[in-house]
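**Student:** All I have is the shape, not the residue letters:
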């Protein structure tokens, strides 16, 4: 708010991905992008003071406490990095087809599945993926976008929400604009492709995909 707003840098800043995805052979591998934090280390001068015989007891105790705190901080940052890369790789391992072929191939995936695979609590997966992005050959993707529920198929597998949205886009793209398909007709086409889905669910996914309803897609001849 005024008057402080005049001193704020209002230039737009782009997203800086924490994870970079590289294609190695026939699979994708996650790695940490250039870390924004510098490498941390404890100054040798601090530990050297502790070895001096004439150093006062209270000074030595003060420095020892601060050094232990610094070691804990460095360990915590290293642990965060390892946890983030483990979670990212577990996600990437399960979304190889999506990274290779695009949104239509995204698989249904839950945070609990990644928690089980990495041996951490689901809350850790949630915190680690919140607000994190990965750089892929198809652009920058939010990590949370790769967690998606699904709808059962006739073969017992799950079809992810993103995949269904993509299928609806493809169906609408191919429809006759003079006779656009209703949500019931869209549901029937998905059912015929093996997806068990209700009309109201199609409506929700159509809206999620940003596709207007049939009467708004209709084109009238002059």
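**Tutor:** Done, it's in. Quick caveat, the model's predicted, so the values are computed rather than measured.

**Student:** Buried residues of stretch 88-108, list them for me.
**Tutor:** Of the residues in stretch 88-108, those buried by neighbour count under the rule 16 or more other Cβ atoms under 10 Å are 88-92, 94-95, 98-99, 104-108. C-betas here are computed from N, CA, C, even on glycine.

**Student:** Next, format those as JSON lines and append pLDDT, distance to residue 63 and secondary structure.
**Tutor:** Converted to JSON lines, the buried residues of stretch 88-108 look like this (pLDDT from 0 to 100; distance: Cβ to Cβ, whole Å; DSSP: H, G, I helix; E, B strand; the rest coil):
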{"residue": "88", "pLDDT": "93", "distance to residue 63": "38", "secondary structure": "helix"}
{"residue": "89", "pLDDT": "94", "distance to residue 63": "39", "secondary structure": "helix"}
{"residue": "90", "pLDDT": "94", "distance to residue 63": "41", "secondary structure": "helix"}
{"residue": "91", "pLDDT": "92", "distance to residue 63": "42", "secondary structure": "helix"}
{"residue": "92", "pLDDT": "92", "distance to residue 63": "43", "secondary structure": "helix"}
{"residue": "94", "pLDDT": "89", "distance to residue 63": "47", "secondary structure": "helix"}
{"residue": "95", "pLDDT": "89", "distance to residue 63": "48", "secondary structure": "coil"}
{"residue": "98", "pLDDT": "86", "distance to residue 63": "51", "secondary structure": "helix"}
{"residue": "99", "pLDDT": "88", "distance to residue 63": "49", "secondary structure": "helix"}
{"residue": "104", "pLDDT": "73", "distance to residue 63": "59", "secondary structure": "helix"}
{"residue": "105", "pLDDT": "81", "distance to residue 63": "56", "secondary structure": "helix"}
{"residue": "106", "pLDDT": "81", "distance to residue 63": "53", "secondary structure": "coil"}
{"residue": "107", "pLDDT": "83", "distance to residue 63": "52", "secondary structure": "coil"}
{"residue": "108", "pLDDT": "83", "distance to residue 63": "53", "secondary structure": "coil"}
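
**Student:** For these, give me CSV that also has distance to residue 153.
**Tutor:** As requested, those are arranged in CSV below (distance: Cβ to Cβ, whole Å):
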residue, distance to residue 153
88, 28
89, 27
90, 24
91, 22
92, 23
94, 17
95, 18
98, 17
99, 22
104, 14
105, 14
106, 14
107, 12
108, 10
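
**Student:** what's the closest of these to residue 132?
**Tutor:** When these are compared for distance to residue 132 (Cβ to Cβ), residue 88 wins out at 7.9 Å.

**Student:** mind listing what that closest one touches?
**Tutor:** For residue 88, the residues meeting the contact criterion (Cβ atoms under 8 Å, 6 or more residues apart in numbering) are 19, 30, 132, 134, 143.

**Student:** separation between it and residue 95?
**Tutor:** Per Cβ to Cβ, to the nearest Å, residue 88 is found 11 Å from residue 95.
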